[in-house]
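In: coords below, sequence missing:
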């Protein structure tokens with residue numbers, strides 16, 4: 001017989017870290033795109049090349065956003081799984097305690 005155990009507190013810590021990192025990532029991406037906007041809007045960088053550059057860089061933004069969304073979805077999955085594990089363990093403990101003939 002084997003016993004399976006999960007450290008749900010550690011799972012939640014990991015989930016929180018992933019969520020925090022996703023927020024930090026979002027901030028960095030927003031900062032990057034703000035800098036690109038400032039660069040392209042500057043007097044020193046005008047004309048066809050600036051438009052081409054802006055189009056290429058802006059076309060990549062959805063990919064960056066998808067990464068962030070994936071990080072957040074993973075964090076939510078880990079957190080909700082930890083909650084289900086805790087709930088299942090509590091239900092199992094309650095069932096075992098109620099079936100105990102000694103007590």
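Out: Here it is on my side, so go on. Given the structure is predicted, the values throughout are model-derived calculations rather than measurements. Residues are numbered from 1 along each chain as shown.
In: any idea of the mean pLDDT for the helix or strand hosting residue 31?
Out: Assigned by DSSP states H and E, residue 31 falls within helix 8-41. In this model, helix 8-41 carries a mean pLDDT of 92.
In: Report the buried residues of it.
Out: Across helix 8-41, burial judged by 16 or more other CB atoms under 10 Å covers 8, 11, 12, 14, 15, 18, 19, 22, 26, 29, 40. Using the backbone N, CA and C atoms, a C-beta is placed for each residue, glycine as well.
In: Tell me which residues touch the third one, please.
Out: Residue 12 makes contact with 78, 79, 82 under the criterion CB atoms under 8 Å, 6 or more residues apart in numbering.
In: Give me the nearest residue to the spatially most central residue of the chain, chain neighbours excluded.
Out: What sits nearest the mean C-alpha location of the chain, by CA atoms, centre = their mean, is residue 72, with 2.3 Å. Closest residue in space to residue 72, ignoring its immediate chain neighbours: residue 22 at 4.9 Å, by CB to CB, 6 or more residues apart in numbering.
In: Surely that neighbour is in contact with residue 75?
Out: Yes - using CB atoms under 8 Å, residue 22 is in contact with residue 75, at 6.7 Å.
In: picking up where we left off before, just name the closest of the buried residues of helix 8-41 to residue 60, please.
Out: Taking CB to CB as the measure, residue 60 lies nearest residue 29 of the buried residues of helix 8-41, at 9.9 Å.
In: Relative to residue 97, how far out is the residue nearest to that closest one when sequence neighbours are not counted?
Out: Using CB to CB, 6+ apart and skipping residues adjacent in sequence, the residue nearest residue 29 is residue 64, 4.8 Å away. The gap separating residue 64 from residue 97 is 50 Å, by CB to CB, to the nearest Å.
In: got it, and residue 50?
Out: Counting by CB to CB, the gap from residue 50 to residue 97 is 70 Å.
In: What strand or helix carries residue 45?
Out: Applying DSSP H and E, one finds residue 45 in no helix or strand.
In: neighbours around it, how many?
Out: Using other CB atoms under 10 Å, the number of residues around residue 45 comes to 13.
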